[in-house]
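Student: sequence and predicted structure, then a few things I'm wondering about:
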Amino acid sequence: MWNLNQKRGDQLVLNLSGILTTLFLTTILGVLWHYIFRRSSKNSRLPPPPPGPRGVPILGYLPFLGRDLHRQFTDLANLYGPIFNFSLGSQTCVVLSSPSLVKEMVRDKDTIFANHVLNISVTISTFGGNDIAFTPYGPVWKKLRKVFAQEVMNNTVLDSLCSLRREEVKKSLLYVYERIGKPIDINHLAYMTSINSMLRMIWGGSLPGEEAAAVNDPEFRKAVADILFLVGKSNVSDVFPALAWLDVQGIERETRRLTALFDRMFDSAIEQRRIEMRNNKQGHSGEHCNQMRKDFLQFLLDSQEGNEDSETSITMAQLKAILMDPVVGGTESSSTTVEWVMTELLKHPEVMKKIQEELTQVVGLTKMVEESHLSQLPYLYAVIKETLRLHPPFPLLVPRTPSQTTTLGGYKVPKGATIFINAWAIQRDPTLWDRPLEFRPERFLHMNGTSPDVASGKLAYGGNNFNFIAFGSGRRICAGLPLAERMLTFVLASFLHSYDWKLPDLHVEKLELSDKFGIVTKKLYPLVAVATPRLSDLNLYA
Ligand code: HEM
């Protein structure tokens, strides 16, 4: 009996301890489960993608994209907010239209978003993505940007090339003089001035005979514009990489053909220059070669001569690609800006008059404009800024892509997405700008008529004001800014100081401001204007 009772008691104790153990383990497991569950649910609670329009299966939003992307994206932002997304085939595209989102991207998450999107025609035209604009962010890009800043864009180098720019602008002034009183296509004038100056600065007009003839052929100038057009054109092969081998639109083929022209020019110019340098070194080259030419090519070759330093030595493909950036990225953007400025001035003759008064005061009517005058032209600077505000040549800047999945404005943005910054919308946003659609250069001036940027001789598009980002912002801000700034101001000052401009009689009512979207967005109808001389001494034009 006792034994029985004892057995029952033992069993009770056993049961009780079993229950307690079970309870204990359950509690521990519960706590662990709760902890793990909460953590994993936190991870799976990734933010949603930005809102946006739905597309159709496979193609996504592709069939609904119109021609004027900057306007269409502005309308979509009014519907979905300052960040929205859509898909193009398998690609995710995100569009930003507010300064705070731009800041988050290029300042707070700058290293994640420090790559430009590389498409097929960009890869070809940049000798395999070897240029500054499309080399992925990292040590190689840093090296290229350093070489470009030190050997090409530094003030001493740019000052030393001033005479080349002066000669090319003078040729354009003469071209106008020969057409006094006749309609002149300003788009053509601005483009020829821009490309001729750029090519002159790149290889100083020193190509050997056959190549020199080819380069002076108007077809070659057209090739530059055509490459830019192909780079910005929507390519089915980019949206559906599996179809790339078909090259349905022939974009790849045509880009290869045009890039080959440049490749030959660069090879020939580099070869010729190396021979000159060798001869010069050996001392049997005579006076001519002792005064080695100075142009971008020469500065870059000099910096590479015997350069074993991995920090600054560059490959041949990189050298050519570095030279290609100013040609493709710098010429149309600059000439389009010149055309827009002239358009706004013909629409606002009182503003043109004010610039000319400033020029008369600073330069005088007996002299031509020199680059040394530029820092004393605050009103002209303000006019250029106001034009770039209303008509940024790259309305969607140069698309960027994140190197990892991240967030923007609290929304998920996947690695590899294409990010457009709608600078055009931001620079016309009525919540950021007073009467934004009016052309009022005064908004960039201080009360006393000078702006601090101008006082320091700069347009100061440092990308720190996210309301005004025509040259981009952050690590990948325009690397050609110092030259763009000089060229724009010098060309415009020269055109406006040397001539009075008016619309041809038949065009007076036709002056309008429509644009045509492209990677560089130009006037839809080229501007035509008639010039009359302003300077008292006509010999100055010869
Ligand atoms: C009105 C004239 C110009 C405008 C409006 C302009 C605008 C721009 C913009 C918006 C970008 C992209 C910036 C970003 O992603 O944040 C860019 C990049 C660049 N631009 Fe310009 N540009 C002009 C002229 C030039 C010129 C004359 C050159 C060369 C001499 C040049 C060379 C470059 C290069 C190399 C980059 C790539 C920078 C990098 O990725 O690190 N640009 N430009």
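Tutor: That came in fine, so what should we check first? Every value quoted in this text rests on a predicted model; they were computed, and no experiment measured them. Residues are numbered from 1 along each chain as shown.

Student: what comes into contact with the one helix or strand residue 227 maps to?
Tutor: In the assignment (DSSP states H and E), residue 227 maps to helix 218-232. Contact partners of helix 218-232, identified using Cβ atoms under 8 Å, 6 or more residues apart in numbering, comprise 119, 121-122, 125, 191-192, 195, 214, 251, 254-255, 258-259, 261-262, 327-328, 331-332, 518-520. Heads up, the C-betas are built off the backbone N, CA and C, glycines and all.

Student: same deal with stretch 47-55?
Tutor: Taking Cβ under 8 Å, 6+ apart as the rule, stretch 47-55 contacts 61-64, 76, 79-81, 83-88, 92, 94, 407-414.

Student: please tell me I have it right and residue 526 contacts residue 339.
Tutor: Yes: counting by Cβ atoms under 8 Å, residue 339 is a contact partner of residue 526 at 7.4 Å.

Student: going by neighbour count, which of the contacts of stretch 47-55 are buried?
Tutor: 61-62, 76, 80-81, 83-88, 92, 94, 408-409, 411-413 (16 or more other Cβ atoms under 10 Å).

Student: pLDDT below threshold where in the stretch 251-400 of the chain?
Tutor: 283-293, 306-311 (pLDDT under 70).

Student: switch to 50 and redo it
Tutor: 285-291 (pLDDT under 50).

Student: the closest residue to the ligand within it in helix, strand or coil?
Tutor: In the stretch 251-400 of the chain, the residue that lies nearest the ligand is residue 330 (2.7 Å; Cβ to the nearest ligand atom). Put simply, residue 330 is helix when judged by DSSP: H, G, I helix; E, B strand; the rest coil.

Student: report the angle between the axes of whichever strand or helix holds residue 200 and helix 218-232?
Tutor: Using DSSP H and E, residue 200 falls within helix 186-203. On the basis of axes from the mean of the first three to the mean of the last three Cα atoms, to 10 degrees, helix 186-203 is oriented at 90 degrees to helix 218-232.

Student: against which helices or strands is helix 186-203 packed?
Tutor: Counting by 3 or more Cβ pairs under 8 Å, 6 or more residues apart in numbering; DSSP states H and E, the packing neighbours recorded for helix 186-203 are helix 162-177, helix 218-232, helix 251-282, helix 296-304, helix 331-347, helix 481-498.

Student: just send those helices back as CSV, with distance to residue 185 and mean neighbour count too.
Tutor: Shown next, in CSV, are the helices and strands packed on helix 186-203 (distance: least, Cβ to Cβ, whole Å; neighbours: other Cβ atoms under 10 Å):
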stretch, distance to residue 185, mean neighbour count
helix 162-177, 11, 18
helix 218-232, 13, 18
helix 251-282, 23, 16
helix 296-304, 28, 19
helix 331-347, 10, 24
helix 481-498, 14, 23
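
Student: can you give me phi and psi for the nearest residue to residue 302 once chain neighbours are set aside?
Tutor: Leaving out its chain neighbours, the residue that sits closest to residue 302 by Cβ to Cβ, 6 or more residues apart in numbering is residue 151, at 7.8 Å. Main-chain torsions, residue 151, degrees, to the nearest 10: phi -100, psi -20.

Student: before we move on, what about residue 107?
Tutor: phi -110, psi -60.

Student: that one contacts residue 474, correct?
Tutor: Yes: here residue 107 lies in contact with residue 474, judged by Cβ under 8 Å, at a distance of 6.3 Å.

Student: of those two, which one has the most company?
Tutor: Of the pair residue 107 and residue 474, residue 474 is the one with more neighbours under other Cβ atoms under 10 Å, namely 20 against 15.

Student: can you report how many residues neighbour the residue nearest to residue 302?
Tutor: 20.

Student: test my guess that it contacts residue 300.
Tutor: Yes: counting by Cβ under 8 Å, residue 300 is a contact partner of residue 151 at 5.4 Å.

Student: which neighbours do those two have in common?
Tutor: Common neighbours of residue 151 and residue 300 (Cβ under 8 Å, 6+ apart) do not exist.

Student: so which residues on the stretch 401-542 of the chain come close to the ligand?
Tutor: Contact residues, the stretch 401-542 of the chain versus the ligand (Cβ under 6 Å from any ligand atom): 470, 471, 472, 473, 474, 476, 477, 478, 479, 480, 483, 484.

Student: three-state assignment of the spatially closest residue to residue 47 that is not a sequence neighbour?
Tutor: Setting aside the residues directly before and after it, residue 47 is nearest to residue 412 in space (Cβ to Cβ, 6+ apart), at 4.7 Å. Put simply, residue 412 is strand when judged by three-state DSSP.

Student: ok, residue 412 - contacts?
Tutor: 46, 47, 48, 49, 405, 406.

Student: for ChimeraX, what selects the buried ones among these?
Tutor: Of these, the buried ones go into a single ChimeraX selection, burial set by 16+ other Cβ under 10 Å:
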select :49,406
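
Student: closest one of the contacts of residue 412 to residue 144?
Tutor: Checking those against residue 144 with Cβ to Cβ, the nearest one is residue 406 at 25.2 Å.

Student: ok, what's across the strand from that closest one?
Tutor: residue 413 (DSSP bridges).

Student: oh, and call the first residue 722 from now on, that's how I've got it
Tutor: All right, first residue 722 from here; so that's residue 1127.

Student: what parts of the protein come near the ligand?
Tutor: 837, 853-854, 866, 1046-1047, 1050-1051, 1054-1055, 1058, 1114-1115, 1118-1119, 1191-1195, 1197-1201, 1204-1205.

Student: quick one, helices of the stretch 722-871 of the chain?
Tutor: Under the criterion DSSP state H, counting those that start in this stretch, helices of the stretch 722-871 of the chain are mapped to 723-765, 790-801, 820-824, 841-846, 860-872.

Student: what is the second one packed up against?
Tutor: Other helices and strands packing on helix 790-801, by 3+ Cβ pairs under 8 Å, 6+ apart, are strand 804-809, strand 812-817, helix 1144-1147.

Student: check the secondary structure at residue 1252 for me.
Tutor: Going by three-state DSSP: residue 1252 is strand.

Student: apart from its chain neighbours, what residue comes closest to it?
Tutor: Per Cβ to Cβ, 6+ apart, closest to residue 1252 is residue 1220, 3.9 Å.

Student: how close does the one you found get to the ligand?
Tutor: 22 Å (Cβ to the nearest ligand atom, to the nearest Å).

Student: and that residue, what does it touch?
Tutor: Here residue 1220 is in contact with 894, 897, 1252, 1253, 1254, 1255 (criterion: Cβ under 8 Å, 6+ apart).
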